[in-house]
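Q: prediction below, plus the sequence it came from.
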Amino acid sequence: MSKFILFLRHAIALVRADKLFSTIYVAGTAVAIASAMVVAIFVHIVVGDIAPESNRSRTLYLNNHFRKASMQEGEWHYYGFSTEAIDSCFRKMKCVEAVVGFTPGYRYTGNKVSDMERQREMPVTFIPTNPDFFRLYDFTFLSGRPFSGQEFQNGEPVCVITERLAKTLGLGLTPNPSPAGEGQNQQPTPLSHGRGAGGEALLLGGKAFRVVGVVKTVSYMMMTAAADVYFPYTEEALNLGLGRQSTYAYAGFLDVMILLRKGFSQQDFMRELEPLQRRYEAVASSQAGEEISWRVTANSQFFRFLNFFGRNSEGKESPSLMAMNLMPIALLMLLFLLLPAINLSGLVSNRMEARRAEMGIRKTFGAKRRWLLREVINENLVLTLIGGAVGWVLSWLFFRLTLHTREFLTLFQSEDIKSYEFSLDPAMFFTPTLFLVCFLCCAVLNLMAALIPAWRSLRKPIVESLNQKR
């Protein structure tokens, strides 16, 4: 510990001794690290487990395809899923913890919601879904509760709204108590009663919906969970097409997400699905009088949003394919580090030339080359870490300044949805993984910038170093 303190004091003294060099080095490092961290943070926001999408690593996004024998060879038709597929197939699988059927919120933009007296009105996005939506996503309930399975089955006009919408409409909501010693699984309290015995209500699609819960507003960067209103898709008021007929029993209007039980993988899901798939194909073919093929593809969060090279020849995801898809991102980060490292290397080289006499004297008194090389690298590492900390702050400022721009929004949503919340959660920037990425970027930049010039300078003969003019 004492050696580390001595080293730190020595490094700080060197920083103070040449403030211009230190300032330029820190600034160059900060820009390089900020560029690399913007890429790393973006990837983390897209695929990391961030509340309320805390279960991304266990979530599968399903696609539904059918083909008849009478169709042209190789032609598949894409459909959503039906409620029968959810209840008769996926919900019965052992590896599945929850099955979420929903229609994405971006399909229902341009709608407006108002309070019962129509004194306040605002545009909203909404997601018709089922109760498992609140098992998949870790929403923070500020008041009330999710809509229940019974309310869902009955098609009751109930909804869960965000805190922002509740404040805009002026709904009088009672916050949930937080008794000492109780966790997130505590039973939420009901909403306070406002205009009527049914509690607070709002108008959506020309119909009154009873508000049963209020959740903390979700940032639009949480691409699947973000919306203003969540209600049962069994509610017929907005004509969502629940009764739409299809040639295939498992085809419908719903997108489906699967929450796997802990310890199960995507491969386990596909293996368990295979016999169910063959059984459905046999029944559907018998009813239709011709061969019908059913294919379900499952995408993880990573391959849903960061898939540059498609799937392998078997149509499956694999660790090697994930590494291949990460390669362009890694190369981009390396490029951001390499170009500044070349400039910083020139700075280090000039500084080593200025210190050649010092290094010559220390070698005369027995200092070994590897000790001096390690010391030079460590000294530059201190500056690099300072620059890395500044770069991390710069990356946060970059996201903060570009947060409301259309270009940034299109990275996460296909439309300019004005009703979405623009917010940055600290979990998007400060995690052990991101800290490790930042430290590795600093270490790589430090080695590229300091190792070669320091090694070349220390290899020169002692006499030449001692005769170096100052």
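A: Good, I have the coordinates. Keep in mind it's a predicted model, so treat the numbers as computed, not measured. Residues are numbered from 1 along each chain as shown.

Q: which strands and helices lie in contact with the top helix by length along the chain?
A: The single longest helix within the chain, with elements called by DSSP state H, is helix 319-354. Where contact means 3 or more CB pairs under 8 Å, 6 or more residues apart in numbering; DSSP states H and E, helix 319-354 is packed against helix 19-47, helix 301-305, helix 369-402, helix 432-458. (Each C-beta comes from the backbone N, C-alpha and C, glycine too.)

Q: could those helices be laid out in a markdown table, adding mean neighbour count?
A: Converted to a markdown table, these look like this (neighbours: other CB atoms under 10 Å):
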| stretch | mean neighbour count |
| --- | --- |
| helix 19-47 | 20 |
| helix 301-305 | 19 |
| helix 369-402 | 18 |
| helix 432-458 | 18 |
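
Q: what pLDDT does residue 104 get?
A: With respect to pLDDT, residue 104 scores 68.

Q: what of residue 275?
A: For residue 275, the model assigns a pLDDT of 94.

Q: how much space separates it from residue 88?
A: From residue 275 across to residue 88, the span is 14 Å (CB to CB, to the nearest Å).

Q: just residue 278 next, same as before
A: 15 Å.

Q: so between the two, which is more surrounded?
A: residue 88 (14 against 11; other CB atoms under 10 Å).

Q: give me phi/psi at that one?
A: Phi and psi for residue 88, reported as degrees, to the nearest 10, are phi -90, psi -10.

Q: likewise residue 123?
A: Dihedral angles (degrees, to the nearest 10) for residue 123: phi -70, psi 150.

Q: about what we covered before: next, the angle helix 432-458 makes with the longest helix of the chain.
A: Angle, helix 319-354 to helix 432-458, by axes from the mean of the first three to the mean of the last three CA atoms, to 10 degrees: 40 degrees.

Q: how far does helix 319-354 sit from its chain's centre?
A: Remark: helix 319-354 is offset 25 Å from the chain centroid, using CA atoms, centre = their mean, to the nearest Å.

Q: list the buried ones in that helix?
A: 321, 325, 333, 336-337, 340-341, 344-345, 347-349, 351-352 (16 or more other CB atoms under 10 Å).

Q: that one versus helix 19-47: what angle between them?
A: 170 degrees.

Q: before we move on, the earlier item: quick one: closest of the helices and strands packed on helix 319-354 to residue 83.
A: helix 301-305 (23.1 Å; CB to CB).

Q: now do the closest one, average pLDDT.
A: pLDDT averaged over helix 301-305 gives 85.

Q: contacts for it?
A: 46, 47, 56, 57, 59, 61, 223, 311, 317, 321, 322, 325 (CB atoms under 8 Å, 6 or more residues apart in numbering).

Q: so which of those residues is the closest to residue 95?
A: Out of those, the member with the shortest distance to residue 95 (by CB to CB) is residue 59, at 12.9 Å.

Q: check the secondary structure at the nearest residue to residue 61 once chain neighbours are set aside for me.
A: With sequence-adjacent residues excluded and distances taken as CB to CB, 6 or more residues apart in numbering, residue 61 is closest to residue 299, at 4.7 Å. Three-state secondary structure (criterion: DSSP: H, G, I helix; E, B strand; the rest coil) places residue 299 in strand.

Q: contacts only, for residue 299.
A: 60, 61, 62, 63, 307, 317.

Q: hmm, residue 392 is touching residue 34, no?
A: Yes - the pair residue 392 / residue 34 is scored as a contact, 7.4 Å apart, by CB atoms under 8 Å.

Q: which residues are in contact with each of those two?
A: Common neighbours of residue 392 and residue 34 (CB under 8 Å, 6+ apart) do not exist.

Q: where does the stretch 301-450 of the chain have low pLDDT?
A: 308-316, 318, 351-371, 413-423 (pLDDT under 70).

Q: can I assume residue 211 sits in a helix?
A: No - with three-state DSSP as the criterion, residue 211 is located in strand rather than a helix.

Q: could you say which helix or strand holds residue 255?
A: strand 255-260 (DSSP states H and E).

Q: quick one: list the elements packing against that strand.
A: strand 59-68, strand 77-81, strand 96-102, helix 133-136, helix 266-288.

Q: need those in CSV (columns: distance to residue 254).
A: As requested, these are exported to CSV (distance: least, CB to CB, whole Å):
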stretch, distance to residue 254
strand 59-68, 9
strand 77-81, 5
strand 96-102, 4
helix 133-136, 12
helix 266-288, 17
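
Q: distance of residue 23 from residue 29?
A: 11 Å.

Q: any regions of the stretch 1-150 of the chain where pLDDT drops low?
A: Judged by pLDDT under 70, the stretches of the stretch 1-150 of the chain that qualify are 1-4, 7-8, 10-11, 72-74, 104-110, 119.

Q: let's go with 80 and repeat that
A: 1-19, 21, 70-75, 104-112, 114-122 (pLDDT under 80).

Q: residues contacting residue 255?
A: Going by CB under 8 Å, 6+ apart, the list of residues near residue 255 reads 61, 62, 80, 81, 101, 102, 103, 104.

Q: most neighbours out of the residues you listed, which is it?
A: residue 101 (24 neighbours).

Q: excluding covalently adjacent residues, which one is nearest to that one?
A: residue 254 (4.0 Å).

Q: wait, which of the helices and strands packed on helix 319-354 is closest to residue 150?
A: helix 301-305 (31.2 Å).

Q: list the buried residues for the strand holding residue 255?
A: For strand 255-260, using 16+ other CB under 10 Å, the buried residues are 255, 256, 257, 258, 259, 260.

Q: what about the spatially closest residue to the third one that is not a sequence neighbour, how many neighbours?
A: Yep, that's residue 257 we're talking about. Nearest residue to residue 257, sequence neighbours excluded (CB to CB, 6+ apart): residue 100, at 4.3 Å. Neighbour count for residue 100, taken as other CB under 10 Å: 24.

Q: contacts only, for residue 100.
A: Per CB under 8 Å, 6+ apart, neighbours of residue 100: 129, 130, 132, 133, 135, 136, 256, 257, 258, 259.

Q: how much space between the nearest residue to the second one once chain neighbours are set aside and residue 276?
A: If you skip the residues right next to it in sequence, residue 130 has residue 101 as its closest partner in space, 5.3 Å away by CB to CB, 6+ apart. In this structure, residue 101 and residue 276 are 17 Å apart, going by CB to CB.
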